[in-house]
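Trainee: Pasting a predicted model and its sequence here:
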There are 2 protein chains.
Amino acid sequence: MSASTLKARRDAVLGAGTPLFYDEPVTIVRGRGVELWDDAGRRYVDMYNNVPCVGHAHPRVVAAMQAQAGTLNVHSRYLHEGIVDYAERLVAKHHDGIEAVVFTCTGTEANEVALMMARAATGGRGIICTDAAYHGNSAEVGKLTRVDAGRNQSGAEVRSIPFPQRYRPLPGASSDAALTGLYLDRVQAAIDAFAADGVPFAGMLVCSILANEGLPDIPVDFMPRAAEMVRAAGGVFIADEVQSGFCRTGTWWGYHRTGFAPDIVSMGKPMGNGLPLAGAAASRAIVDAFRRDHRYFNTFASSPLQAAVGAAVLDVLDDEALADNAERVGALLRDRLRALQARYPRMGDVRGHGLFCGVEWVSDPDARTPDRDGAAWVVNRLKERGFLISNAGALGNVLKIRPPLVFEASHAEEFLGAFEAVLEEVHGAG
Amino acid sequence: MSASTLKARRDAVLGAGTPLFYDEPVTIVRGRGVELWDDAGRRYVDMYNNVPCVGHAHPRVVAAMQAQAGTLNVHSRYLHEGIVDYAERLVAKHHDGIEAVVFTCTGTEANEVALMMARAATGGRGIICTDAAYHGNSAEVGKLTRVDAGRNQSGAEVRSIPFPQRYRPLPGASSDAALTGLYLDRVQAAIDAFAADGVPFAGMLVCSILANEGLPDIPVDFMPRAAEMVRAAGGVFIADEVQSGFCRTGTWWGYHRTGFAPDIVSMGKPMGNGLPLAGAAASRAIVDAFRRDHRYFNTFASSPLQAAVGAAVLDVLDDEALADNAERVGALLRDRLRALQARYPRMGDVRGHGLFCGVEWVSDPDARTPDRDGAAWVVNRLKERGFLISNAGALGNVLKIRPPLVFEASHAEEFLGAFEAVLEEVHGAG
């Protein structure tokens, strides 16, 4: 079937405007490791997908799924040792203050639970996020999506701050430490605005590496100091690890990279390598407060299937040393991208942690003028050359490079060759 | 490991008060068809679980899951024919007005989307539900949970009506038709209250068979006439088919039983036989309005894995003629339960459709006095005898009998023997 016929059927049965990647979408039929194949047998190197974190169709994960689905898969109101074992292993991957977990099926649901936990534990309602955040698609979590100053209206339960960054920083700071201070002032201003409005404060929710914001370099110590400030005001500090967790950054959790210890952690995407599996974890006191306030039950969550698949993902991440791989290959990739940046100035900035890289695409490097259309053009050209990435960030102009964690140096070399050819097309053309 | 040790570990790592069935919880380790086994090798007949609708560990569903997980499982922003095929097949199971579907992972998410669809299509906000409803665990959908008159406050976006029933009806009706009229008056009153409050009306959301309300006998024509009334006021009528769908009632959808054609349908639990799979379906115009208003994306939904497993469930439901089985065995079960009712008056009422039965447990049959504790006692006694049911309903006193759809007459006979023994214990004891 032609792509246009399939797209027409899709628009009819899933709704016009259902999101699709690329000007000419690809029909993907098979995957293995970091490779994908389309319906014409063409190979692509997957440099976008973080959900299949241990690689597409990993045999150990598939085997665990099959074995458990063929044995038992049922809701969580019976006892099941596999679920308890998995929960204990998962919690042990975090810092000591994380002691218990509530499983859900999606990251959106994990953030719903994280907000309920924060509000149950503090008795407050007000939540601070960034002005370029995305934490999920439900009505409640959607209130945290790209909240601009105009929507920080009096009485609202969500207020945003400009996301902390060095590339397009708030003006007026003479040093990185001073810049941190400017962003912290915004956190305090949001706390004060809640108090002035009579909205009791609950806490702050941020992605540990500000992935949707565009993976910025965060001014020094912003995260731990914001967490202190939030706690001093009676709130809890929530890390959204849906994108940054499970070895993506070359460490187990994104918060290890940005130097803080969250009170509540939400997790999702890579957690089940594609099986819907997510959750929110916290101290026992916070989780118990949540259980007291909410008769929360999630039919498909905390299932033997989720536990078996989630445990297999933990096994593979450890046995294949994928945090180390992410650290090593990610560092190589960024070094080589920075070498290209010196020759191709449309690459305004190269950033990231582990196997999560962002490249600012700009039309004027001195003015740092974001070029969203140019970034989309690069994404499409790379697709034509067999490499799947995307563009993202607050301004849509950041090339988002985030392959499965089994991405190797040889894949990086392949990609760099194609990327240089695309850079040459752009810069050669003037 | 002892159940008490496992429960202590579970409370510590999942939170104290995490829901469990039965006074002495069971540790289930294996399932097949309608049978479950505990860690001591003891067999139970599963008469509760609707999620594994085609039976626990159905080999065709497990094989489909394994084959697709071993081939490709990725998000929906690439084209994939399997997803479109499945969506088309699923939509075709509904009435002609249902043309497109938005997939999600859970029933809660399906109802989130259904509410967004209703509001996008109508421009309204106000939603009517029943006073004993449960449609999900998110903040927004949770606003529809057991809304009592005291919470129908001015300006609120959710208003409830007493759920329509014959067993404990609104007073003052001289006939079933008159009783329908009394409940319809409450629908109109809710519509009028929204208008008086200046809350633009969006529609009404109900389970097609009022499952959580306790599966009542619904006064004649209430559902189609309520739908007309809602549409006349500019709203849409939403059927929650999360419990009633996929042949449970002996027909494909619960709304076939209760005689109406919804504008929007939410689906969930049995849809993937345990794989997290759910969705909301509607006319193309409504789905397109939703897609216009919301940049909705759900990472794990609309995946090749969901489609392959969902399609396998549709195959088995049809190939094994499970709607017919539900109709036939369900009718047998209710006939036999009614025969017992004649001898054991604590069975206040026997109701249901297909393989979904409810038995009102009462302390005084003439006064119809609900006996929640007694119902829980019966549930626990049946568990001890190897039959897993639960108690539910607005007053918690309805025995909820809802086995996988491969439940056979022989299983019914087994159950009826055990149930009669428990009835004898109760009635014999006076």
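Mentor: Happy to help now that I have it. Only a predicted model underlies this, so the values are computations on that prediction, with no experimental measurement involved. Numbering: from 1, shown residues only, chains lettered A, B, ... in the order given.
Trainee: For burial, what's the neighbour tally of residue A:380?
Mentor: Here the count is done by other CB atoms under 10 Å in any protein chain shown, and residue A:380 has 16 residues near it. Placement of C-beta: from N, CA and C, glycine included.
Trainee: ok, the nearest residue in space to residue A:217 that is not next to it in sequence to residue A:348 distance?
Mentor: Taking CB to CB, 6 or more residues apart in numbering or on different chains, and ignoring the residues beside it in sequence, residue A:217 has residue A:166 as its nearest neighbour in space, at 4.4 Å. Distance, residue A:166 to residue A:348, by CB to CB, to the nearest Å: 12 Å.
Trainee: how about residue A:350, what does it touch?
Mentor: By CB atoms under 8 Å, 6 or more residues apart in numbering or on different chains, the contact list for residue A:350 reads A:334, A:337-338, A:341, A:357-360.
Trainee: before we move on, back to that, I'd say the residue nearest to residue A:217 and residue A:215 touch.
Mentor: No - here residue A:166 lies out of contact with residue A:215, judged by CB atoms under 8 Å, at a distance of 11.9 Å.
Trainee: how far is stretch A:331-345 from where the chain is centred?
Mentor: On the basis of CA atoms, centre = their mean, to the nearest Å, stretch A:331-345 sits 23 Å off its chain's mean C-alpha point.
Trainee: Tell me the buried residues in it?
Mentor: Counting neighbours by 16 or more other CB atoms under 10 Å in any protein chain shown, one finds that the buried residues in stretch A:331-345 are A:333-334, A:336-337, A:341, A:344.
Trainee: ok, residues contacting it?
Mentor: Stretch A:331-345 is contacted by residues A:250, A:347, A:349-352, A:355, A:357, A:359, A:365, A:401, A:409, A:412, A:415-416, A:419-420, A:423, A:426-427 when judged by CB under 8 Å, 6+ apart.
Trainee: repeat that with 7 Å
Mentor: Residues external to stretch A:331-345 that are found in contact with it (CB atoms under 7 Å, 6 or more residues apart in numbering or on different chains): A:347, A:350, A:352, A:357, A:359, A:365, A:409, A:412, A:416, A:420, A:423, A:427.
Trainee: ok, back up a step: could you export the contacts of residue A:350 as JSON lines, including pLDDT?
Mentor: Below are the contacts of residue A:350 laid out as JSON lines (pLDDT from 0 to 100):
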{"residue": "A:334", "pLDDT": "98"}
{"residue": "A:337", "pLDDT": "98"}
{"residue": "A:338", "pLDDT": "98"}
{"residue": "A:341", "pLDDT": "98"}
{"residue": "A:357", "pLDDT": "98"}
{"residue": "A:358", "pLDDT": "98"}
{"residue": "A:359", "pLDDT": "98"}
{"residue": "A:360", "pLDDT": "98"}
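Trainee: which of these lies closest to residue A:37?
Mentor: Using CB to CB, residue A:357 is the member of the contacts of residue A:350 that sits closest to residue A:37, with 24.1 Å.
Trainee: Is it correct that the closest one is in contact with residue A:403?
Mentor: No - taking contact to mean CB atoms under 7 Å, the distance of 9.4 Å between residue A:357 and residue A:403 leaves them out of contact.
Trainee: So which of these two has more stuff around it?
Mentor: Here residue A:357 and residue A:403 are compared on neighbour count by other CB under 10 Å; more neighbours surround residue A:403, at 31 against 22.
Trainee: For residue A:214, which three-state class applies?
Mentor: Secondary structure assignment for residue A:214 (DSSP: H, G, I helix; E, B strand; the rest coil): coil.
Trainee: Please list all residues in contact with it.
Mentor: Taking CB under 7 Å, 6+ apart as the definition of contact, the neighbours of residue A:214 are A:358, A:392-394, A:398.
Trainee: So which of the buried residues of stretch A:331-345 are in helices?
Mentor: Where these overlap with helices, as defined by DSSP state H, the overlap consists of A:333-334, A:336-337, A:341.
Trainee: For chain B, see how far away residue A:31 is.
Mentor: Residue A:31 sits 5 Å away from chain B when distances are taken as CB to the nearest CB, to the nearest Å.
Trainee: in its sheet, what does the helix or strand that that residue is a member of sit against?
Mentor: Take DSSP states H and E as the rule and residue A:31 turns out to sit in strand A:28-32. In the sheet, strand A:28-32 lines up against strand A:35-38 (antiparallel) (DSSP bridges).
Trainee: near chain B, anything from the next helix or strand after the partner strand?
Mentor: Stepping forward along the backbone from strand A:35-38, the first helix or strand reached (DSSP H and E) is strand A:43-46. No - using CB under 7 Å from any CB of the partner chain, no contact is recorded between strand A:43-46 and chain B, whose separation bottoms out at 8.4 Å.
Trainee: near chain B at all, whichever helix or strand comes after strand A:43-46?
Mentor: Toward the C-terminus, strand A:43-46 is succeeded by helix A:59-69 as the next helix or strand (DSSP H and E). Yes - judged by CB under 7 Å from any CB, helix A:59-69 comes into contact with chain B at A:62, A:65-66, A:69.
Trainee: same thing with stretch A:231-242?
Mentor: No - counting by CB under 7 Å from any CB, no contacts exist between stretch A:231-242 and chain B, the nearest distance being 8.7 Å.
Trainee: what's the span of that stretch, first residue to last?
Mentor: 23 Å (CA to CA, to the nearest Å).
Trainee: That stretch: which residues count as buried?
Mentor: Of the residues in stretch A:231-242, those scored as buried under the neighbour-count criterion (16+ other CB under 10 Å) are A:233, A:235-242.
Trainee: which residues touch that stretch?
Mentor: Among residues not part of stretch A:231-242, those counted as contacts by CB under 7 Å, 6+ apart are A:107, A:110-111, A:114, A:118, A:121-122, A:124, A:135, A:191, A:201-208, A:227, A:230, A:253-255, A:262-269.
Trainee: Next: stretch A:201-209.
Mentor: Defining contact as CB under 7 Å, 6+ apart, one finds that stretch A:201-209 is touched by A:114, A:118-119, A:122, A:124-130, A:135, A:144, A:191, A:194, A:215, A:226, A:230, A:233-241, A:243-244, A:249, A:253-255, A:257-258, A:353.
Trainee: Can you select the buried ones from those residues in ChimeraX?
Mentor: To isolate the buried ones among the contacts of stretch A:201-209 in ChimeraX, judged by 16+ other CB under 10 Å, type:
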select /A:114,118,119,122,124,125,126,127,128,129,130,135,144,191,194,215,226,230,233,235,236,237,238,239,240,241,243,244,249,253,254,255,257,258,353
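Trainee: so how far is residue A:140 from the residue nearest to the spatial centre of chain A?
Mentor: Geometric centre of chain A, nearest residue: residue A:243, 2.1 Å, by CA atoms, centre = their mean. The spacing between residue A:243 and residue A:140, counted by CB to CB, is 20 Å.
Trainee: residues making contact with the strand holding residue A:31?
Mentor: Strand A:28-32 is contacted from outside by A:36-39, A:56-57, B:71-72, B:74, B:78, B:80, using CB under 7 Å, 6+ apart.
Trainee: Which positions within it qualify as buried?
Mentor: In strand A:28-32, residues buried by neighbour count (16+ other CB under 10 Å) are A:28-32.
Trainee: which SS state does the nearest residue to residue A:258 once chain neighbours are set aside fall under?
Mentor: Excluding its sequence neighbours, the residue lying closest to residue A:258 (CB to CB, 6+ apart) is residue A:223, at 4.5 Å. In three-state terms, and counting by three-state DSSP, residue A:223 is helix.
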